[in-house]
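A.B. asks: dropping a prediction and its sequence here:
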Amino acid sequence: MMKKYIYILLSFAITLISACNTEVDLCYSEHPHHTETKIAFDWQVLGDSLAQPDSMMVFADRIVNKWKCGMTASSSNDTASYAIRQGEYKMMVLNRCDSTYNYETLDSVANSDSTRWNLDKMALNYVAYSKDSKPIKKVLQSWTDYNVYASFAQNSSKQVFVDIQDIVKIDSGSNNKVVFTPERLTQKVVMQFPVKKLITDTKTFRIDSMFVEVAGIPTVIYPYDNTVNVAKTCKMLTKALLINATTLNTGDEYSNENLLCRIDVDVNGIIYGTSENEASGPGILQVILFTTASGQDGKIQHRRIEGKINIFHSIHDAHLLDYEYGTEFATQATKYAFININATLVLDSKNIVRDSDGNWGIPSWIPCETQVVVPME
């Protein structure tokens, strides 16, 4: 039988040490005020698309007669018993993903009060990566960043999950059971825009791959209430899915003229910039395309083509966040969103074709760079 114990995570060592001589004392053996409580997780709401973590951190704040305790619980359906004092609690569960989030702020807030976790003040910060860092180069080795205002966050396949229970009553005895239903911390945002290839009788080309840089992602999120701080944002780089607009098959061919570009990112949120006319900062989408062109003479040429667009209106209309006007905060309005960008990315065999009116307000693509390159392996 599993040993019945409760312990503070290594990152909460300060609390554990101080607990021995305060009202927060955490006992490893039988204690007259402690009860046996089972912790369980219901993952059915996630379906099969997201893999559950191995374990979850559990934070419990007793509302009356302040006291706190923390533990790491297995995320499997099998439940284990933990010693928790009687009373009514606020509880939060959260897993770690250290490659995506920095937990220093969360740990610092957790240790700042000997009798409270301060759940509503616990924040997660994206780990900041430079363009030349290994995680970003793993997505794309080389390109020119035309929106250099901020660092990058990682579009990780490993998810962070959270659940909150505001009132949990722990009674005496051993019949207590708390079941959490974790949901994703981040928003799943899918973006899509049309692509038009201008093919001539003398020049055909195909798009071998496309990468998209999304800007305007809040770097700080508060798991307790899905609040983000919009004062500081970052970017995310991801590979796009190319879809034949006629057959709906993935990938491109020389003869194909119309495609759909689709990307999906897991983000704290996405904010739009201060204006629809801005050429850098939040709300800018940059694309990096790798193409292969073939001429009548049979010569093959590989190019890297880059461009960007301001998607101010597309983000605004998607209603990803509810803004607290007059503050630096906003709250996630949804966990899943689709952003349809109506502006067609038009390109010939050498570059992106700029909209003739040059108007950023009705978002239009502008070319940034084109150069002959060695084909990507």
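C.D. replies: All right, it came through fine.

A.B. asks: show me the chain divided up by domain.
C.D. replies: Annotated domains of the chain cover 10-97+160-184, 187-372 [automatic domain parsing].

A.B. asks: pick out the shakiest of the ones you listed, pLDDT-wise.
C.D. replies: Among the domains of the chain, domain 10-97+160-184 has the lowest mean pLDDT, at a mean of 77.

A.B. asks: enumerate the beta-bridge partners assigned to the residue nearest the centre of the chain.
C.D. replies: The centroid of the chain falls nearest to Val267 when counting by C-alpha atoms, centre = their mean (2.6 Å). Legend: beta-bridge partners of Val267 under DSSP bridges are Gln187.

A.B. asks: go on, Phe205?
C.D. replies: With DSSP bridges as the rule, Phe205 is bridged to Ala293.

A.B. asks: want to throw the domains of the chain into TSV with distance to Tyr126?
C.D. replies: Where you see a C-beta, it was placed from the backbone N, CA and C, and this is true even at glycine. Formatted as TSV, the domains of the chain follow (distance: least, C-beta to C-beta, whole Å):
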stretch	distance to Tyr126
domain 10-97+160-184	11
domain 187-372	5
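
A.B. asks: can you check which of those gets nearest to Ser133?
C.D. replies: domain 187-372 (10.9 Å; C-beta to C-beta).

A.B. asks: show me what counts as buried in stretch 310-318.
C.D. replies: Neighbour-count burial for stretch 310-318 flags 310-315, 318 (criterion: 16 or more other C-beta atoms under 10 Å).

A.B. asks: which one of the residues you listed is nearest to Pro182?
C.D. replies: Ala318 (24.7 Å).

A.B. asks: got a list of what that closest one touches?
C.D. replies: 189, 337-339 (C-beta atoms under 8 Å, 6 or more residues apart in numbering).

A.B. asks: can you put these in JSON lines and add neighbour count and secondary structure?
C.D. replies: Converted to JSON lines, the contacts of Ala318 look like this (neighbours: other C-beta atoms under 10 Å; DSSP: H, G, I helix; E, B strand; the rest coil):
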{"residue": "Val189", "neighbour count": "24", "secondary structure": "strand"}
{"residue": "Ala337", "neighbour count": "20", "secondary structure": "strand"}
{"residue": "Phe338", "neighbour count": "12", "secondary structure": "strand"}
{"residue": "Ile339", "neighbour count": "19", "secondary structure": "strand"}
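
A.B. asks: tabulate those (CSV), appending distance to Val374.
C.D. replies: Listed next are those as CSV, based on distance: C-beta to C-beta, whole Å:
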residue, distance to Val374
Val189, 33
Ala337, 37
Phe338, 36
Ile339, 33
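
A.B. asks: determine which two of these are furthest apart.
C.D. replies: So, these by C-beta to C-beta: farthest apart are Val189 and Phe338, at 7.8 Å.

A.B. asks: now do the helices in this structure.
C.D. replies: Counting by DSSP state H, the chain has helices at residues 13-19, 104-111, 134-139, 312-318.

A.B. asks: which residues are contacting the shortest one?
C.D. replies: Pointing back at helix 134-139 there. Residues contacting helix 134-139 (C-beta under 8 Å, 6+ apart): 99, 129-130, 152, 154-155, 211, 237-239.

A.B. asks: Gln159: neighbour count?
C.D. replies: Neighbour count of Gln159, defined by other C-beta atoms under 10 Å: 21.

A.B. asks: got phi/psi on it?
C.D. replies: phi -90, psi 150 (degrees, to the nearest 10).

A.B. asks: Leu140 now?
C.D. replies: phi -150, psi 130.

A.B. asks: buried stuff in stretch 119-134?
C.D. replies: Neighbour-count burial for stretch 119-134 flags 119-127, 129, 131 (criterion: 16+ other C-beta under 10 Å).

A.B. asks: ok, of the residues you listed, which one's closest to Val195?
C.D. replies: Lys131 (24.7 Å).

A.B. asks: give me the nearest residue to the closest one, chain neighbours excluded.
C.D. replies: Spatial nearest neighbour of Lys131, excluding adjacent residues (C-beta to C-beta, 6 or more residues apart in numbering): Asp145 at 5.5 Å.

A.B. asks: what of Arg62?
C.D. replies: In space, and not counting its chain neighbours, Arg62 is closest to Gly87: 4.4 Å by C-beta to C-beta, 6+ apart.

A.B. asks: contacting residues for that neighbour?
C.D. replies: 62-65, 67, 169-170.

A.B. asks: which of those are buried? Put it as a PyMOL command.
C.D. replies: Buried residues among these (16+ other C-beta under 10 Å), as a PyMOL selection:
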select buried, resi 62+67+170
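
A.B. asks: pick out whichever of the contacts of Gly87 sits closest to Thr274.
C.D. replies: Ile63 (41.6 Å).

A.B. asks: could you double-check that the closest one lies in contact with Lys90?
C.D. replies: Yes. Under the criterion of C-beta atoms under 8 Å, Ile63 makes contact with Lys90 at 6.4 Å.
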